[in-house]
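Participant: Just the structure for this:
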Amino acid sequence: MFIVIVSLLVACFIVLYTIRIKKEKESMETTNPEFLKYIEEFYYEKPNKKKAQLLRAAKYLTEVSEALREEESSADRLYKKGLLSDEYMNKLHMKMEEEIFVEKHLIQREAEEIKPGFSSTIFGEAAYLPSLYKPVEKYKPRFDHKKFVLECEKLSKGTVHKGK
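Facilitator: Sure, this is the predicted structure:
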């Protein structure tokens with residue numbers, strides 16, 4: 001009797017744990033703000049508005065994936081020199097595979113629902129949109145090049161006028 005009760009408690013614990021893990025994974029499907037806006041605001045709109053917002057989401061994803069590829073190539077150079085750990089490179093590869101792959105298929109699935117065949121052309125059409133992704137600066141540079149050029153121009157103008 002005691003063994004049956006313990007096994008039922010363990011089974012309930014396993015079920016609750018898997019439900020919790022599943023909810024966490026489902027809630028983190030996308031971080032694309034344009035796609036989230038599509039889901040929250042445009043999902044029940046007319047197809048033209050849905051298509052426009054979905055194109056913006058595709059453009060954002062394209063730009064983010066390009067930025068990640070650049071980061072990956074520069075990180076790869078540092079990794080080959082032994083300056084980065086295996087853990088960092090694995091995290092970067094996982095981010096590329098999981099986030100970009102999942103978001104791309106989510107966008108393609110929604111595009112196919114709007115118009116059959118649109119999933120194969122959405123990223124091509126999104127390439128013509130203006131840029132949406134603004135990368136966050138990781139650090140503020142100590143040297144401001146624009147300010148330096150302006151100061152040099154002021155100094156050179158001042159010396160030219162004094163010589164006349």
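
Participant: List the buried residues of the longest helix along the chain.
Facilitator: Taking DSSP state H as the criterion, the chain has its longest helix at helix 47-80. Buried residues in helix 47-80, counted by 16 or more other C-beta atoms under 10 Å: 50-51, 53-65, 68, 75, 79. (Glycine included, C-beta is placed from N, CA and C.)

Participant: Tell me the first helix or strand C-terminal of that helix.
Facilitator: helix 86-95 (DSSP states H and E).

Participant: Quick one: mean pLDDT for the helix or strand just after that next one?
Facilitator: Note on helix 86-95: by DSSP H and E, the next helix or strand toward the C-terminus is helix 101-114. Helix 101-114 shows an average pLDDT of 89 in the prediction.

Participant: Against which helices or strands is helix 101-114 packed?
Facilitator: helix 33-37, helix 47-80, helix 122-126 (3 or more C-beta pairs under 8 Å, 6 or more residues apart in numbering; DSSP states H and E).

Participant: what angle do the longest one and helix 86-95 make?
Facilitator: I take that to be helix 47-80. Comparing the axes of helix 47-80 and helix 86-95 via axes from the mean of the first three to the mean of the last three C-alpha atoms, to 10 degrees yields an angle of 160 degrees.

Participant: Taking helix 101-114 as reference, get the angle to helix 47-80.
Facilitator: 160 degrees.

Participant: Quick one: list the elements packing against helix 47-80.
Facilitator: helix 33-37, helix 86-95, helix 101-114, helix 122-126.

Participant: average pLDDT for stretch 11-31?
Facilitator: Mean pLDDT, stretch 11-31: 69.

Participant: Can you pull out the low-pLDDT segments for this protein?
Facilitator: 22-29, 132-143, 158-164 (pLDDT under 70).

Participant: again, only using 90
Facilitator: 1-53, 60-106, 110, 113-164 (pLDDT under 90).

Participant: Point to the residue nearest the middle of it.
Facilitator: Residue closest to the average C-alpha location in the chain (C-alpha atoms, centre = their mean): residue 64, at 4.7 Å.

Participant: Good, wrapping up.
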